[in-house]
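Visitor: structural data only, the sequence is not supplied:
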Ligand SMILES: CC/C=C\CC(=O)SCCNC(=O)CCNC(=O)[C@H](O)C(C)(C)COP(=O)(O)OP(=O)(O)OC[C@H]1O[C@@H](n2cnc3c(N)ncnc32)[C@H](O)[C@@H]1OP(=O)(O)O
């Protein structure tokens with residue numbers, strides 16, 4: 001819903017739908033009813049639309065996509081009604097103006113924001129396009145080139161960047177009162193002409209270059225979003241903004257969203273959106289212990305043992321999470337030197353690309369603390385072991401950690417398949433042991449599988465889950481069984497691709513097809529990155545081959 005009030009000639013329409021003011025049918029109806037009141041009230045000379053609580057508006061209510069989405073006023077009707085209002089409307093943005101939220105703001109005549117606000121049209125990440133005029137209004141405000149960048153990739157931008165390119169008219173400091181500032185701003189524009197303020201009426205500045213820009217983005221999208229349908233449909237819709245009058249362009253936008261909404265890709269991405277949030281609410285089955293009633297241990301000092309592919313990625317993830325003390329232990333001198341060089345080079349790359357500042361880079365490098373013996377880990381809060389996938393080596397390490405680490409230290413193993421309970425048993429306090437299974441390359445892959453051993457304490461589990469979230473990972477709690485969840489799923493995929501090799505395909509052919517389909521890496525490329533020896537050891541240990549079959553029997557028969 002939306003609340004309505006009037007303050008010094010300014011009507012305030014505040015979206016009120018916690019936690020994120022998504023534009024449900026009730027909210028849309030609330031905005032429309034409030035707008036009518038404001039238009040009819042002769043004492044009202046300007047209108048402010050703002051969001052109550054932590055954010056302006058994150059866009060359409062995704063939970064309503066299947067049902068209420070088309071109830072009047074739907075979003076694309078509402079934006080045109082807002083824009084045609086005879087009284088000036090100011091969008092007051094704090095928190096997020098995402099998707100339909102930004103489209104509502106684009107339909108307002110002015111947009112003001114706190115400097116801390118974030119703006120985006122992220123619909124492409126849900127497999128759809130901004131279907132409330134975003135593909136038609138944004139190009140009229142910032143041009144085709146920038147619009148393609150914003151809409152085809154869906155990334156978020158700061159209010160300052162949005163102001164620099166003309167989306168935001170006035171920025172206020174992050175600690176300002178957004179509503180008070182917007183009301184004052186609205187008072188300052190009373191009586192001004194709205195002729196140039198209705199974005200749908202503006203020309204598209206770089207319209208004549210549309211073919212050239214379109215070709216450029218087709219190439220980029222083809223590489224960055226292989227296999228995804230929505231980005232290309234977004235580009236087409238934006239192209240229409242350059243070639244057609246607004247009303248005709250809107251018809252094309254509608255056709256685009258109707259084609260995408262309900263597609264398999266969109267359904268999967270929406271499922272993923274909610275699933276990624278659902279896994280934050282972890283629970284230990286049958287115990288009543290869950291994320292809401294268990295507090296993590298405070299973690300300031302972390303150690304990573306092993307600086308191979310996995311260890312390096314884990315160290316980088318910890319540094320990116322802002323951990324100020326990351327001990328790295330690698331007894332092999334060459335591996336240590338190579339590992340540290342790799343980490344520093346990646347940090348240099350981030351700084352060169354502007355992902356982190358020079359100051360952040362320096363503080364990350366300073367946080368790296370090479371250590372040469374177990375004694376040096378005695379005051380570490382969390383140790384993540386990422387050595388060779390061998391039970392005896394891991395047991396040896398955990399026995400030493402059990403002796404030197406403080407009793408409250410969480411001892412995590414990055415094993416991808418081994419029995420976490422067997423590892424835990426060599427320590428004096430198995431309840432401190434947990435699995436933290438990262439996926440290679442660990443600083444890139446978003447998934448973290450935390451493995452709950454039979455003895456892992458709730459607090460230790462909460463700490464591993466919390467650390468995953470601090471690292472920005474989609475952190476999933478799983479039980480302790482061979483291959484956990486990730487590798488049990490991966491196994492079926494590898495078996496099928498291995499069948500193809502036996503039937504005559506080359507690994508690179510299989511990988512090419514998978515990459516064309518949209519996978520970031522081919523299955524055999526993944527094997528090369530993680531080390532094919534890991535899979536080999538897993539299979540050998542568990543004797544996954546049927547002993548009745550003679551050596552060399554084809555995989556389908558084993
Ligand atoms: C005609 C079509 C026109 C327009 C189409 C659209 O507008 S599609 C929607 C476009 N918007 C988005 O995709 C934004 C989705 N939300 C986010 O990316 C994040 O929520 C955001 C805004 C970055 C905030 O992140 P934060 O970590 O602060 O919150 P969280 O993600 O945990 O969200 C809190 C709860 O709100 C639920 N939620 C978020 N967005 C929506 C939404 N658009 N619709 C419905 N529900 C939403 C989210 O699931 C969380 O719920 P919870 O039960 O607490 O897990």
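Guide: Everything's here; your move. Here the structure is a predicted model, which means the values were calculated and not measured. Residues are numbered from 1 along each chain as shown.

Visitor: from now on I want contacts and neighbour counts done on CA atoms only, so please keep to that.
Guide: OK.

Visitor: burial of the closest residue to the ligand within the stretch 151-300 of the chain, as a residue count?
Guide: With C-alpha to the nearest ligand atom, the shortest gap between the stretch 151-300 of the chain and the ligand falls at residue 277, namely 4.8 Å. Each residue near residue 277 was counted by other C-alpha atoms under 10 Å, and the total is 11.

Visitor: check it and give its pLDDT.
Guide: Note for residue 277: predicted pLDDT of 94.

Visitor: next one: the one 4 residues further on
Guide: You'll see residue 281 listed with a pLDDT of 96.

Visitor: same question, residue 440
Guide: For residue 440, pLDDT reads 89.

Visitor: kindly report the same for residue 556.
Guide: pLDDT for residue 556: 58.

Visitor: go on, residue 540?
Guide: For residue 540, the pLDDT comes out at 65.

Visitor: helices and strands around the strand or helix carrying residue 399, which ones?
Guide: Secondary structure assignment for residue 399, by DSSP states H and E: helix 391-404. Counting by 3 or more C-alpha pairs under 8 Å, 6 or more residues apart in numbering; DSSP states H and E, the packing neighbours recorded for helix 391-404 are helix 420-424.

Visitor: just how off-centre is the helix or strand following the helix it packs on within its chain?
Guide: Using DSSP H and E, the next helix or strand after helix 420-424 towards the C-terminus is strand 433-438. When distances are taken as C-alpha atoms, centre = their mean, to the nearest Å, strand 433-438 is centred 22 Å away from the chain's centroid.

Visitor: next, the angle helix 391-404 makes with strand 433-438.
Guide: Per axes from the mean of the first three to the mean of the last three C-alpha atoms, to 10 degrees, the angle that strand 433-438 makes with helix 391-404 is 120 degrees.

Visitor: paired strands for strand 433-438, with orientation please.
Guide: Partners of strand 433-438 in the sheet, by DSSP bridges, are strand 410-413 (parallel), strand 447-452 (antiparallel).

Visitor: what parts of the stretch 201-350 of the chain come near the ligand?
Guide: Counting by C-alpha under 6 Å from any ligand atom, the residues of the stretch 201-350 of the chain close to the ligand are 274, 277-278.

Visitor: what parts of the stretch 51-200 of the chain come near the ligand?
Guide: Counting by C-alpha under 6 Å from any ligand atom, the stretch 51-200 of the chain comes close to the ligand at 58-63, 75, 96, 98-100, 122-123, 130-132.

Visitor: ok, 5 Å please
Guide: Within the stretch 51-200 of the chain, the residues that sit near the ligand (C-alpha under 5 Å from any ligand atom) are 58-62, 99-100, 123, 130-132.

Visitor: could I get those as TSV with pLDDT and neighbour count?
Guide: Shown next, in TSV, are those (pLDDT from 0 to 100; neighbours: other C-alpha atoms under 10 Å):
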residue	pLDDT	neighbour count
58	98	25
59	97	27
60	96	27
61	95	18
62	94	16
99	98	28
100	98	28
123	98	25
130	97	29
131	95	25
132	96	29
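
Visitor: I'd like to know which of those residues is nearest to residue 453.
Guide: Lowest distance from residue 453 to these (C-alpha to C-alpha) belongs to residue 62, with 35.9 Å.

Visitor: just the pLDDT for residue 553.
Guide: Residue 553 carries a pLDDT value of 65.

Visitor: ok, and for the top helix by length along the chain, which residues are buried?
Guide: Determined from DSSP state H, the single longest helix within the chain is helix 333-353. Residues 336, 339-340, 342-344, 347-348, 351 are the ones in helix 333-353 that count as buried (16 or more other C-alpha atoms under 10 Å).

Visitor: just put the residues of the stretch 51-200 of the chain next to the ligand in TSV and tack on secondary structure.
Guide: Converted to TSV, these look like this (DSSP: H, G, I helix; E, B strand; the rest coil):
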residue	secondary structure
58	coil
59	coil
60	strand
61	coil
62	helix
99	coil
100	helix
123	helix
130	coil
131	coil
132	coil
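
Visitor: which one of those is nearest residue 189?
Guide: Relative to residue 189, the closest of these is residue 100; by C-alpha to C-alpha it sits at 24.9 Å.

Visitor: thought that closest one was touching residue 132?
Guide: Yes: taking contacts as C-alpha atoms under 8 Å, residue 100 lies within contact range of residue 132: 6.4 Å.

Visitor: now do the shared contacts for these two.
Guide: Contact with both residue 100 and residue 132 is made by residues residue 75, according to C-alpha atoms under 8 Å, 6 or more residues apart in numbering.

Visitor: list the contacts for residue 139?
Guide: Going by C-alpha under 8 Å, 6+ apart, residue 139 touches 145-147, 204, 238, 241-242.

Visitor: check the residues you listed for burial and list the buried ones.
Guide: For the contacts of residue 139, buried by 16+ other C-alpha under 10 Å: 145, 147, 204, 238, 241-242.

Visitor: where in the protein is pLDDT low?
Guide: Residue ranges of the chain with pLDDT under 70: 67-70, 538-558.

Visitor: what's the burial count for the residue in the stretch 301-450 of the chain positioned nearest to the ligand?
Guide: Using C-alpha to the nearest ligand atom, the closest approach of the stretch 301-450 of the chain to the ligand is made by residue 446 at 14.8 Å. Neighbour count of residue 446, defined by other C-alpha under 10 Å: 17.

Visitor: and the nearest residue to it once chain neighbours are set aside, how far is that from the ligand?
Guide: Excluding the flanking residues, the one nearest residue 446 by C-alpha to C-alpha, 6 or more residues apart in numbering is residue 473, at 4.7 Å. Plainly put, residue 473 is 12 Å away from the ligand if you go by C-alpha to the nearest ligand atom, to the nearest Å.

Visitor: can you check residue 499 too?
Guide: Here residue 499 is placed at a distance of 39 Å from the ligand (C-alpha to the nearest ligand atom).

Visitor: how many other residues sit next to that residue?
Guide: So residue 499, with other C-alpha under 10 Å, has 14 neighbours.

Visitor: tell me the secondary structure for it?
Guide: helix.

Visitor: ok so, going back, how about the buried residues of helix 333-353 in JSON lines, adding distance to residue 226?
Guide: Output for the buried residues of helix 333-353, formatted as JSON lines (distance: C-alpha to C-alpha, whole Å):
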{"residue": "336", "distance to residue 226": "36"}
{"residue": "339", "distance to residue 226": "31"}
{"residue": "340", "distance to residue 226": "33"}
{"residue": "342", "distance to residue 226": "28"}
{"residue": "343", "distance to residue 226": "28"}
{"residue": "344", "distance to residue 226": "30"}
{"residue": "347", "distance to residue 226": "27"}
{"residue": "348", "distance to residue 226": "28"}
{"residue": "351", "distance to residue 226": "27"}
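
Visitor: closest one of those residues to residue 261?
Guide: Using C-alpha to C-alpha, residue 351 is the member of these that sits closest to residue 261, with 38.2 Å.
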